[in-house]
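S.K.: structure of the sequence below:
(2 chains, ligands or ions: 2)
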Amino acid sequence: MKKRWTLAHLEDRAMRTIMQLASLVLVGVLAAILVTIFIRGLPFLDLDLITKTPQGGFFLGGEGGILNAIVGSLLLAGGGTLLALFISLPIAFGINVYTGASRLASLLRMALDVLWGIPSLVYGAFGFTIMIAFGMRASLGAGILVLTLLQIPIMVRSMDEVMRMVPSELSQAAYSLGATRLEAAWSVLVRQALPGLVTAVLLAFGRGIGDAASVLFTAGFSDRIPTSLASPSASLPLAVFFQLGSPFPEVRGNGYATALVLTVLILFISMLSRFLARRLSRNVIR
Amino acid sequence: METQIKIRDLNVYYNKVHALKDINLDLPRGQITVIVGPSGCGKSTLLKTLNRFHDLADDTQVTGHVELDGVDLYAPDVEVTEVRTKVGLIAQRPFPLPMSIFENVAYGMRIHKLARGKELRDKVKHYLEVAGLWDEVKGRLNTPARDLSIGQQQRLCLARGLAVEPEVILGDEPTSSLDPISAKFIEERLEELKKDYTVVLVSHVLRQARHLADYLVFMYLGEVVEAGPAEQVLNAPKNDRTRAYLQGEFY
Ligand SMILES: Nc1ncnc2c1ncn2[C@@H]1O[C@H](COP(=O)(O)OP(=O)(O)OP(=O)(O)O)[C@@H](O)[C@H]1O
Ligand SMILES: [Mg+2]
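M.R.: Ligands and ions are numbered 1, 2, ... in the order given. The predicted structure follows:
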């Protein structure tokens, strides 16, 4: 048969081209960012940078590294993610198991969407206001709390979306065996949604570790690794920010190297999430 | 005929839709009851009253009584999970739980603490045998249940339902999503099962109804038009509508 060029064919072609171009833009931007960070940061990345805390005058070109910021960021984002998980899972559960399609559920979803859209600087400022009211100083604990608030909306909404995808027949199968709502939720909803739940947690971790504005006022910055929840804590995004603003070229170079560390961490997390999601989807019903 | 399920003045409303109207029925123990009738007449709705599945929907209202061996399933002191263990359901399309084959069958026994350890393993084997699936899966009990074929999945769902030791098995067109051979297989299982269980099926396939039914219920527009021993209803229907339906004049 001869190939005929109909309008439908052309539309199909055009759509494909647009899609490919758009994808190219996306990949191009990512590549440009990575290349910039690599080229500028790699020469400054050495063992000292990631194993030492800043020594005297580090931000003026002195000796030392950014271990304080690496540990600080991991503690901040890790703590925030853990707390957010304890709050988000029950909310996502509640919306999907108990309230269903009710008005309360849609109200909650809307509230979470609004919270998601609020800039992290506002969370920081909000946390700061409360800290002042209680006479608290910038600390690891305060930073974790504000990050928790920042992470809850993204975590709940991502969990909610994957839970909503679980077919209701699956829960009904558990109900028809005499399972209670909680039993059905644990055995069916959580198992079926597990890969997505893990992704939700790591997504929230990613937002937490990459955010600068919320920890600026609340966790502060310190050249030392925090020893308690009450001590101030450094973080990678702020370390990048401080170093890149420096007039000294080596300090700016260290800034790019710090950004490189942060990028690699985030890359690692997203790869981990994909790996786990694949491993955990062994039993998932499609 | 000994009555096991007694339905009295049963009405079901979906919001404003009056889906079941004053149903009164006596369903026999140890037999297969088949509910037939045109699409939308309320067959699934009736079936769902027997294991209180309407409890799951907020906007569905059930009034009246369904008694199982003299106990009103809708009495306030009756636990709904208890009802659903006594009255099992095989759905139209099989939905294995997101677990291994073994865990699918073990699941109900675990949540109701019916067995553990070796006893649990023996029972899983037993129910897989009853469902006619054991030989096909004995070498891969720990693989995901989703990898089974649809026909095997439906047999798995049967095994899983039997494992919680129900007295009644409901099936809402349990063979309609299966290929003819798998469907025949399920039919044969159901025929064997009526020794020990009371079976209530919804069927669209008249051939299946003729073949399986000991007791036949014909519904039309939310009402039971005719019910009685299958032989009698099939061969000498009292109602004109029943006769027309059985002769294939409408579906
Ligand atoms: N969730 C619901 N909300 C509103 N109306 C419903 C709902 N479920 C069923 N109905 C209505 O109740 C009536 C009976 O439905 P039911 O599903 O019991 O019919 P059925 O006999 O099982 O039909 P089919 O043979 O097509 O499965 C129909 O008129 C249907 O539209
Ligand atoms: Mg139906």
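
S.K.: interface residues of chain B facing ligand 1?
M.R.: Neighbours of ligand 1 within chain B, by C-beta under 6 Å from any ligand atom: B:14, B:17, B:19, B:37, B:39-45. No exception for glycine: its C-beta is placed from N, CA and C like everyone else's.

S.K.: of those, buried ones?
M.R.: B:19, B:37, B:41-43, B:45 (16 or more other C-beta atoms under 10 Å in any protein chain shown).

S.K.: which one among those residues gets closest to chain A?
M.R.: Nearest to chain A among those is residue B:45, at 15.0 Å by C-beta to the nearest C-beta.

S.K.: isn't that closest one up against residue B:20?
M.R.: Yes: if you go by C-beta atoms under 8 Å, residue B:45 and residue B:20 touch, sitting 5.5 Å apart.

S.K.: pull up the overlap in contacts between those two.
M.R.: B:12, B:222 (C-beta atoms under 8 Å, 6 or more residues apart in numbering or on different chains).

S.K.: hmm, back to that, most widely separated two among the residues of chain B next to ligand 1?
M.R.: Within the residues of chain B next to ligand 1, B:14 and B:37 form the most distant pair, 17.4 Å apart (C-beta to C-beta).

S.K.: can you name the next helix or strand after the helix or strand where residue B:34 lies?
M.R.: Applying DSSP states H and E as the criterion places residue B:34 in strand B:32-36. Once strand B:32-36 ends, the next helix or strand along the chain (criterion: DSSP H and E) is helix B:43-50.

S.K.: that next one - what's its average pLDDT?
M.R.: Mean per-residue pLDDT for helix B:43-50: 95.

S.K.: again, but for stretch A:225-242
M.R.: Averaging pLDDT along stretch A:225-242 gives 93.

S.K.: buried set for that stretch?
M.R.: A:225-226, A:231-242.

S.K.: what's the closest of those to residue A:279?
M.R.: The closest of those to residue A:279 turns out to be residue A:236 (C-beta to C-beta; 27.9 Å).

S.K.: touching, the closest one and residue A:264? I think so.
M.R.: No: counting by C-beta under 8 Å, residue A:236 does not reach residue A:264; the two are 10.8 Å apart.

S.K.: and the strands in chain B?
M.R.: Per DSSP state E, chain B carries strands over the ranges B:3-14, B:17-28, B:32-36, B:60-68, B:71-72, B:87-90, B:168-172, B:198-202, B:215-220, B:223-229.

S.K.: where does chain B dip in pLDDT?
M.R.: B:249-251 (pLDDT under 70).

S.K.: report the central residue of it.
M.R.: Nearest to the mean C-alpha position of chain B, counting by C-alpha atoms, centre = their mean, stands residue B:170 at 1.1 Å.

S.K.: do you know how far the residue nearest to residue A:173 when sequence neighbours are not counted is from residue A:216?
M.R.: Distances taken as C-beta to C-beta, 6 or more residues apart in numbering or on different chains place residue B:95 nearest to residue A:173, at 4.6 Å, with adjacent residues excluded. Distance of residue B:95 to residue A:216, given as C-beta to C-beta, to the nearest Å: 49 Å.

S.K.: ok, now residue A:140?
M.R.: 14 Å.

S.K.: so between these two, which is more surrounded?
M.R.: Legend: neighbour count by other C-beta atoms under 10 Å in any protein chain shown for residue A:140 and residue A:216, higher for residue A:140 (27 against 22).

S.K.: next, find the distance separating that one from residue B:195.
M.R.: When residue A:140 is compared with residue B:195 (using C-beta to C-beta), they lie 68 Å apart.

S.K.: run a quick neighbour tally on the residue in chain A that ligand 1 sits nearest to.
M.R.: The minimum distance from chain A to ligand 1, using C-beta to the nearest ligand atom, falls at residue A:168 (11.6 Å). By other C-beta under 10 Å, 12 other residues sit near residue A:168.

S.K.: list the buried ones in stretch B:212-225?
M.R.: B:212-220, B:222, B:224-225.

S.K.: how about the residues you listed in a markdown table, adding distance to chain A?
M.R.: Listed next are the buried residues of stretch B:212-225 as a markdown table, based on distance: C-beta to the nearest C-beta, whole Å:
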| residue | distance to chain A |
| --- | --- |
| B:212 | 21 |
| B:213 | 23 |
| B:214 | 24 |
| B:215 | 23 |
| B:216 | 24 |
| B:217 | 21 |
| B:218 | 26 |
| B:219 | 22 |
| B:220 | 27 |
| B:222 | 23 |
| B:224 | 24 |
| B:225 | 28 |
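
S.K.: if we can go back for a sec, residues contacting the nearest residue to the residue nearest to the centre of chain B once chain neighbours are set aside?
M.R.: Counting by C-beta to C-beta, 6+ apart, residue B:89 is the residue found nearest to residue B:170 once chain neighbours are left out, at 4.6 Å. Neighbour list for residue B:89: A:176, B:47, B:51, B:53, B:161, B:169-172 [criterion: C-beta under 8 Å, 6+ apart].

S.K.: can you tell me which residues contact residue 99?
M.R.: Assuming you mean chain A. Neighbouring residues of residue A:99 by C-beta under 8 Å, 6+ apart: A:105, A:108.

S.K.: wrong one, I was asking about chain B
M.R.: Residues near residue B:99 by C-beta under 8 Å, 6+ apart: A:187, A:191, A:283, B:107, B:144-145.
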